[in-house]
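Visitor: just coords:
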């Protein structure tokens, strides 16, 4: 198990969180050798929160149930919270509809990251808000009257905007149509750039300068010796090899490989740690490794031939090496039946779980050693984790060269970390840019406590969901009823097993229940064949999912499902789903 790889990826992203002074000498959550679980701190749900890019006035929000009447945020970006149902949905529009940004647990501060989830969508939301701002400067943002008082035509135009697609012809047109409706002289050229939006985050009044983003109540179960087990789930989202000029989506699952090969490579990695008084203990079954398709093809070739396959990192140059019976493999060694893994094709790149990275035994990491990693693990070691300390936006630039390297290796990382006291989940959105090579990667991580390793947490789909599909300029809304056995749509029930053969691949894969999904599963990308029974021609599609948990049971967030053309990555439709 490569614990330090995982810890560094997390801690560098959180290194400046300011976890506070060392309080490890007291018993704040420290059970002093007891095996009992530390009690969770009680954090009161606030009655009011603020939506901050800069403070945003005139953003429509609905608190509690979706059928409730909404309101607009005030001049300081504030919105009210129903403490009995602390869920808030944000919409760029009004009661007639518009662009649904997302749903969040009621918290003191919500930023674009908490609202929409991924790096690309958060930055594009900021670009849009800055562009339409009615105020004279960007220290505060006022949603224009044309949106606050939107008629049905404007609401429909807003609903067509795809926050993860401002570059395609269709994506640009959706934004341009809204801009022209606000101001007839505006075109897509008026849209604020990504560079300017990121620079805005660093200004006074924006998210990087916020010093109070939540409670300072000590999270006693996030301390050393709490005896809680912590799960870390991660999902890489996009990669670029030309400084962001072009991005490939990471493909985690591919049913077009055939059922046998799909089964061999399917899975997402997760890490498991237990907080004991002596150390943070890495648990058996943990795996933080990922490999590209070509490396997986080599591994499977060796394994299929009865060899002892291994995937490891070369300590000299840092490159990943596949060996078979101790001998390094090359692409020419790949068996033709695994050759399809070498390239995902189009604007996609494979990322699979490294089968050699699964831990088979416990490994102890002493708390004194953990403080050097910073972030969540440092504040756990010091018993100083709070919502405020764990919630922060950071941009850091550092030289990643090792001692003895002759050349500097500068990289810039942008991180938005956020702890939600209602879900008890720490979420981190991370973008890393290696300046020398031009490589950029974007990923999302979730860390949360469970009572023990075999009692994990999931999103249960059982219930009624409002489902809205936007395709070819049209918008359609339906009600889906998820039962214990499947989903009922227009009076017809489809089983979870059948759904799993399509884009909703996670159903019936978790031992906790066929209707449940893990957080990394709900932030994955899959390719599949939408060929109907009796049809001859293939109909390959790619579906990209995004979900941020909200509510005590994690099921009050907005699940976004993008259907993409597999050859080009062009968006065909967007489906948003929210439990009502």
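Guide: On my side now, so go ahead. Because the structure is a prediction, the values reported are computed rather than measured.

Visitor: what ranges of the chain fall below the confidence cut-off?
Guide: The model of the chain has pLDDT under 70 over residues 1-34, 314-318, 373-374, 402-405, 473.

Visitor: switch the cut-off to 80
Guide: The model of the chain has pLDDT under 80 over residues 1-34, 313-319, 371-375, 400-406, 472-474, 566-570.

Visitor: Now do the same for residue 356: helix, strand or coil?
Guide: Of the three states, residue 356 takes coil under DSSP: H, G, I helix; E, B strand; the rest coil.

Visitor: ok, it - contacts?
Guide: Contacts here follow Cβ atoms under 8 Å, 6 or more residues apart in numbering; on that basis residue 356 touches 289, 299, 309-312. Every residue, glycine included, has its C-beta placed from N, CA and C.

Visitor: Also residue 72?
Guide: So residue 72 contacts 57-61, 94, 143, 148 (Cβ under 8 Å, 6+ apart).

Visitor: Among those, which lie within helices?
Guide: Judged by DSSP state H, the contacts of residue 72 include residue 148 as members of helices.

Visitor: Can you list which of the contacts of residue 72 are found in strands?
Guide: Among those, DSSP state E puts 57, 60-61, 94 in strands.

Visitor: out of these, who has the most neighbours?
Guide: residue 60 (26 neighbours; other Cβ atoms under 10 Å).

Visitor: wouldn't that residue be in contact with residue 89 here?
Guide: No - counting by Cβ atoms under 8 Å, residue 60 stays clear of residue 89, with 9.0 Å between them.

Visitor: Nearest to residue 511 among the contacts of residue 356?
Guide: Checking those against residue 511 by Cβ to Cβ gives residue 289 as the nearest, at 22.4 Å.

Visitor: Looks like that closest one contacts residue 269 (just checking).
Guide: Yes - contact criterion Cβ under 8 Å: residue 289 and residue 269 qualify, at 6.5 Å.

Visitor: overlap in contacts of the two?
Guide: Counting by Cβ under 8 Å, 6+ apart, the residues touching both residue 289 and residue 269 are 353-354, 357.

Visitor: Residue 65: helix or strand, and which one exactly?
Guide: Assessed by DSSP states H and E, residue 65 sits outside every helix and strand.

Visitor: show me the contacts for the closest residue to it other than its chain neighbours.
Guide: Nearest residue to residue 65, sequence neighbours excluded (Cβ to Cβ, 6 or more residues apart in numbering): residue 85, at 6.6 Å. Counting by Cβ under 8 Å, 6+ apart, residue 85 makes contact with 63-65.

Visitor: try residue 214
Guide: Taking Cβ under 8 Å, 6+ apart, one finds 107-109, 386-388, 391, 419, 421 in contact with residue 214.

Visitor: and it, backbone torsions?
Guide: phi 150, psi -170 (degrees, to the nearest 10).

Visitor: Apart from its chain neighbours, what residue comes closest to it?
Guide: Per Cβ to Cβ, 6+ apart, closest to residue 214 is residue 387, 3.4 Å.

Visitor: So what's the residue count around the one you found?
Guide: 21.

Visitor: just the one 5 residues further on next, same as before
Guide: In terms of burial, residue 392 registers 22 neighbours under the definition other Cβ under 10 Å.

Visitor: Can you give me the buried ones in stretch 242-261?
Guide: For stretch 242-261, the neighbour count (16 or more other Cβ atoms under 10 Å) marks 244, 247-257, 261 as buried.

Visitor: Residue 322 is in contact with residue 295, correct?
Guide: Yes - taking Cβ under 8 Å as the definition, residue 295 is a contact partner of residue 322 at 5.3 Å.

Visitor: Comparing the two, which residue is more hemmed in?
Guide: residue 322 (26 against 22).

Visitor: Is it correct that that one falls within a helix?
Guide: No - according to three-state DSSP, the state of residue 322 is strand, so it is not within a helix.

Visitor: Against residue 330, how distant is it?
Guide: Distance, residue 322 to residue 330, by Cβ to Cβ, to the nearest Å: 9 Å.

Visitor: Likewise for residue 154?
Guide: In terms of Cβ to Cβ, residue 154 sits 58 Å off from residue 330.

Visitor: what does residue 345 give?
Guide: In terms of Cβ to Cβ, residue 345 sits 22 Å off from residue 330.

Visitor: okay, those two: which has more neighbours?
Guide: residue 345 (16 against 9).

Visitor: Helices along the stretch 201-350 of the chain, start to end?
Guide: Ranges of helices in the stretch 201-350 of the chain, per DSSP state H, counting those that start in this stretch, are 259-265, 293-304.

Visitor: Which strands or helices does the longest one pack on?
Guide: Spelled out, that is helix 293-304. Here helix 293-304 touches helix 259-265, strand 309-313, strand 320-324, strand 348-350, going by 3 or more Cβ pairs under 8 Å, 6 or more residues apart in numbering; DSSP states H and E.

Visitor: Could you say which of the ones you listed is packed most deeply?
Guide: Of these, the one with the most neighbours on average (mean count of other Cβ atoms under 10 Å) is strand 348-350, at a mean of 22.

Visitor: I'd like the next helix or strand past it.
Guide: strand 352-353.

Visitor: Listing partners with orientation, what would you give for that following strand?
Guide: strand 290-291 (antiparallel) (DSSP bridges).

Visitor: Show residues contacting the strand it pairs with.
Guide: Contacts of strand 290-291 (Cβ under 8 Å, 6+ apart): 236, 269, 299, 311, 320, 351-354.

Visitor: can you do 7 Å?
Guide: 236, 269, 311, 320, 351-354 (Cβ atoms under 7 Å, 6 or more residues apart in numbering).

Visitor: again, but for stretch 555-572
Guide: Contacts for stretch 555-572 (Cβ under 7 Å, 6+ apart): 87, 100, 102-103, 162, 164-165, 168, 170, 249, 346-347, 459-460, 471, 503, 522, 527, 540-550, 573-579.

Visitor: Keep only those of those residues that are in helices.
Guide: Per DSSP H, the contacts of stretch 555-572 map to helices at residue 170.

Visitor: Is it possible to mark the buried ones in the contacts of stretch 555-572?
Guide: For the contacts of stretch 555-572, buried by 16+ other Cβ under 10 Å: 87, 100, 102-103, 162, 164-165, 249, 346-347, 459-460, 503, 522, 527, 540-550, 573-579.

Visitor: burial count for residue 267?
Guide: 14.

Visitor: Show me where the stretch 51-200 of the chain has its helices.
Guide: Using DSSP H, counting those that start in this stretch, helices in the stretch 51-200 of the chain cover 112-116, 119-132, 145-148, 152-159, 169-182, 194-201.

Visitor: Which of those sits closest to residue 531?
Guide: That would be helix 169-182 among the helices of the stretch 51-200 of the chain, by Cβ to Cβ, at 24.5 Å.

Visitor: how big is the angle separating that closest one from helix 119-132?
Guide: Here helix 169-182 runs at an angle of 30 degrees relative to helix 119-132 (axes from the mean of the first three to the mean of the last three Cα atoms, to 10 degrees).

Visitor: what comes up buried for helix 169-182?
Guide: Applying 16+ other Cβ under 10 Å to helix 169-182 flags 171, 174-179, 181-182 as buried.
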